[in-house]
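Participant: Compute the structure for the input listed below.
(chains A and B)
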Amino acid sequence: MRIATWNVNSIKQRLESLTAWLKERQPDLVCLQETKCVDDAFPRLEIEALGYNVAFHGQKSFNGVAILSRFPLEDVTPGLPGDDTDDHARFIEACVSTNRGVLRIASIYLPNGNPVETEKYPYKLRWMDRLIKYTQERLKLEEELVLCGDYNVIPTPEDVHNPAAWIGDALFKPQTREKFRSLTALGLTDAVRATSDAPGLYTFWDYQAGAFQKNNGIRIDHVLLSPRATDRLRGSGIDKHVRAWEKPSDHVPVWVDLDTEAR
DNA sequence: ATGGCCAATATGATTGGA
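Facilitator: Numbers count the residues shown, from 1 in each chain, chains lettered A, B, ... in the order given. Coordinates of the predicted model:
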């Protein structure tokens, strides 16, 4: 089973690229972020025509997450538990039946948190606390759990081309990285880091200042795996070439291969 | 040359992104 995550920065603007990439990479499950459209406007028919079932959770203007699946999606649940007053569309989870039981997957768009002196940063940290609590509960189920998305976290200095430029930023602050470590320390594996020693692996390059041409990037889109999912991990990749396509998202797809079959 | 963008929104500056 091939599972991917991609912050598309508007599903409507990216429909052509998404179609080309799906045909090229042939993923079975895809988590999308920043779809930036309400549910009624989601291009469901276009994506279904490509052979995918679709679950989405959107809102007007910004945020928005989705899961595409070649297999039936079960127990689709929008929203991260823990705060009924949070109306941002940043989380959706679903399940797929496999030869080994249930594979549970979540599409995550973790808050950016900048500027850090505003309420946005405490919101990010609270959101991460909720994600930690959710993960603790889900890990008890001992399923193959795959938490995909744009985490807006640069985990280490090896995950950024120019670390000095990011000191004090909400994506790289020690408190942010500490909380991300608290999440992975629950027993999650960073799939890309587990399968590659390569330096300079990035998933985002700013639109400004020729960042991509200089490989001035950061690695903030992650696939985190539960112990049972990690047992099935066979490989991963970052589709950097997609960043050079016409009208690109500022993020590129990240994918993993698991030795698990849908049933 | 050390700065350069993009998407959505009742369309023209603002908000949000990272």
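Participant: What separation is there between the nearest residue to A:Trp245 once chain neighbours are set aside and A:Glu158?
Facilitator: Spatial nearest neighbour of A:Trp245, excluding adjacent residues (Cβ to Cβ, 6 or more residues apart in numbering): A:Ser17 at 5.7 Å. In short, each C-beta sits where N, CA and C put it, glycine included. Going from A:Ser17 to A:Glu158 by Cβ to Cβ, to the nearest Å gives 28 Å.
Participant: Please identify which of these two sits among more neighbours.
Facilitator: A:Ser17 (18 against 12; other Cβ atoms under 10 Å).
Participant: what does the helix or strand hosting A:Ser236 rub up against?
Facilitator: Remark: A:Ser236 resides in strand A:233-238, with elements defined by DSSP states H and E. For strand A:233-238, the external contacting residues (Cβ atoms under 8 Å, 6 or more residues apart in numbering) are A:189, A:191-192, A:194-196, A:201-203, A:223, A:225, A:252-259.
Participant: coming back round to it: and DNA strand B, is the helix or strand encompassing the residue nearest to A:Trp245 touching that?
Facilitator: Element membership of A:Ser17 [criterion: DSSP H and E] is helix A:15-25. No: counting by Cβ under 7 Å from any atom of the strand, DNA strand B has no neighbours in helix A:15-25; the shortest distance is 9.7 Å.
Participant: Any chance you could list what contacts that helix?
Facilitator: A:2, A:4, A:6, A:8, A:11, A:30, A:32, A:43, A:46-47, A:50, A:52, A:68, A:239, A:242, A:245-249, A:253, A:255.
Participant: thinking again about what came up before, the contacts of strand A:233-238, buried ones only, as a PyMOL selection?
Facilitator: Of the contacts of strand A:233-238, the buried ones can be selected in PyMOL as follows, counting by 16 or more other Cβ atoms under 10 Å:
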select buried, chain A and resi 189+191+192+195+201+202+203+223+225+252+253+254+255+256+257+258
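Participant: Out of the contacts of strand A:233-238, name the ones that lie in strands.
Facilitator: Judged by DSSP state E, the subset of the contacts of strand A:233-238 located in strands is A:Thr189, A:Val223, A:Leu225, A:Val254, A:Trp255, A:Val256, A:Asp257, A:Leu258.
Participant: and the stretch 1-150 of chain A, which of its residues are near DNA strand B?
Facilitator: A:7, A:9-10, A:12-13, A:34, A:36-37, A:60-63, A:111-112, A:114, A:120, A:150.
Participant: Filter these down to the buried ones.
Facilitator: Buried members of those, scored by 16+ other Cβ under 10 Å, are A:Asn7, A:Asn9, A:Glu34, A:Lys36, A:Cys37, A:Asn63, A:Pro111, A:Asn112, A:Asp150.
Participant: In strands only, show me those residues.
Facilitator: Reading strands off those with DSSP E, I get A:Asn7, A:Asp150.
Participant: shaky segments in the stretch 1-150 of chain A?
Facilitator: Along the stretch 1-150 of chain A, the model assigns pLDDT under 70 to no residue.
Participant: Which residue does it have closest to DNA strand B?
Facilitator: Closest residue of the stretch 1-150 of chain A to DNA strand B, Cβ to the nearest atom of the strand: A:Ser10 (3.2 Å).
Participant: Spit out the contact partners of A:Val116.
Facilitator: A:Gly168, A:Asp169, A:Ala170, A:Lys173.
Participant: how about the nearest residue to the second one, chain neighbours excluded?
Facilitator: Closest residue in space to A:Asp169, ignoring its immediate chain neighbours: A:Asn114 at 6.5 Å, by Cβ to Cβ, 6+ apart.
Participant: Check whether that neighbour really touches A:Phe172, as I assumed.
Facilitator: No: counting by Cβ atoms under 8 Å, A:Asn114 does not reach A:Phe172; the two are 10.5 Å apart.
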